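Chemist: Coordinates for the following, if possible.
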Amino acid sequence: PRWRMADRGNVKVVCRVRPQNQIEVRNGGRECVNIPTDTEIEVVEDGAYNFTFDRVFGPSSTQLECFEYVAKPVVGDIMEGYNATIFA
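Modeler: Below is the predicted model:
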């Protein structure tokens, strides 16, 4: 199959960090998340907290990039008769 058989049935946790919106920028909001690698984020608000994910998409990521990684394999599995769910 197009998707790796070992990935089938596994839960993946993905994080997408959105860019600040116009209101946040206008009000002087500051970014509080660093993305050191494509699997880690660091929240730097009142200390530093690190989190690890299967994949992290930064503020400049596109909808297509996220779809290709998150949804496309799931749709492929569904088309092959497997049950699948995406929680957002």
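
Chemist: CA atoms for contacts and neighbours, from now on please.
Modeler: Will do.

Chemist: Span of stretch 13-28 from start to end?
Modeler: Terminal residues of stretch 13-28 lie 31 Å apart, using C-alpha to C-alpha, to the nearest Å.

Chemist: what does stretch 35-53 give?
Modeler: The first and final residues of stretch 35-53 sit 11 Å from each other (C-alpha to C-alpha).

Chemist: Check the average confidence over that stretch, would you?
Modeler: Taken as a whole, stretch 35-53 has a mean pLDDT of 94.

Chemist: Mind listing residues that contact that stretch?
Modeler: Stretch 35-53 is contacted from outside by 12-15, 32-34, 54-58, using C-alpha atoms under 8 Å, 6 or more residues apart in numbering.

Chemist: at 7 Å instead, please
Modeler: 13-15, 32-34, 54-57 (C-alpha atoms under 7 Å, 6 or more residues apart in numbering).

Chemist: Just the buried subset of those, please.
Modeler: The neighbour count (16 or more other C-alpha atoms under 10 Å) marks 14-15, 33, 55-57 as buried among the contacts of stretch 35-53.

Chemist: Secondary structure element for Val56, which one?
Modeler: Secondary structure from DSSP states H and E places Val56 in strand 55-57.

Chemist: how distant is that strand from the center of its chain?
Modeler: Taking C-alpha atoms, centre = their mean, to the nearest Å, one finds the center of strand 55-57 at 4 Å from the center of the full chain.
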